[in-house]
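Asker: Sharing a model prediction with you, sequence too.
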Amino acid sequence: MFVITLQRNKCIGCNYCVELAPAYFRMSKKDGKTVLLHSEEKSGFFTHKIVNNAEFEICERASKACPIKIITTKLI
């Protein structure tokens, strides 16, 4: 199991995360920022727990591609 965290308010809308992990990220038509699908928000951080560790590499690539480093992945 792992957790993806997104600090959405700092997003610049570069779209890298959506290109690398479209099953987990979408761009909002309202404000042009990324949305972490199926996530829960707490204090400005959006988190999503994922059971399938096979998806970790995909999410890790999206995290590393983010130019402002607002996406993190953590194995739990």
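Answerer: Received the coordinates, thanks.
Asker: residues near Glu60, how many?
Answerer: By other C-beta atoms under 10 Å, 19 other residues sit near Glu60. Where you see a C-beta, it was placed from the backbone N, CA and C, and this is true even at glycine.
Asker: make that Cys14, sorry
Answerer: As a burial measure, Cys14 scores 14 neighbours (other C-beta under 10 Å).
Asker: Give me the nearest residue to it, chain neighbours excluded.
Answerer: Excluding the flanking residues, the one nearest Cys14 by C-beta to C-beta, 6 or more residues apart in numbering is Pro67, at 5.9 Å.
Asker: tell me the phi and psi of that neighbour?
Answerer: Reported as degrees, to the nearest 10, the phi and psi values for Pro67 are phi -70, psi -20.
Asker: In the helix ranked longest in the chain, which residues are buried?
Answerer: Longest helix in the chain by number of residues (criterion: DSSP state H): helix 56-65. For helix 56-65, burial by neighbour count (16 or more other C-beta atoms under 10 Å) applies to 56, 58-60, 62-63.
Asker: farthest pair in the residues you listed?
Answerer: Phe56 and Ala62 (10.9 Å; C-beta to C-beta).
Asker: ok, back up a step: can you list contacts of the longest helix of the chain?
Answerer: 2, 4, 16-17, 20-21, 23-25, 50, 69, 71-73, 75 (C-beta atoms under 8 Å, 6 or more residues apart in numbering).
Asker: Just the CA trace of stretch 17-27, in PDB.
Answerer: What follows is stretch 17-27, C-alpha atoms only, in PDB (Å, rounded to 0.1, in the frame of the first residue of the first chain):
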ATOM      1  CA  CYS A  17       1.300  14.400 -13.600                       C
ATOM      2  CA  VAL A  18      -1.700  14.000 -15.900                       C
ATOM      3  CA  GLU A  19       0.500  12.800 -18.800                       C
ATOM      4  CA  LEU A  20       2.400  10.300 -16.700                       C
ATOM      5  CA  ALA A  21      -0.400   9.000 -14.400                       C
ATOM      6  CA  PRO A  22      -3.800   9.800 -16.000                       C
ATOM      7  CA  ALA A  23      -5.500   7.200 -13.900                       C
ATOM      8  CA  TYR A  24      -4.800   9.300 -10.800                       C
ATOM      9  CA  PHE A  25      -4.600  13.000 -12.000                       C
ATOM     10  CA  ARG A  26      -6.900  15.300 -14.100                       C
ATOM     11  CA  MET A  27      -6.700  19.000 -14.900                       C
END
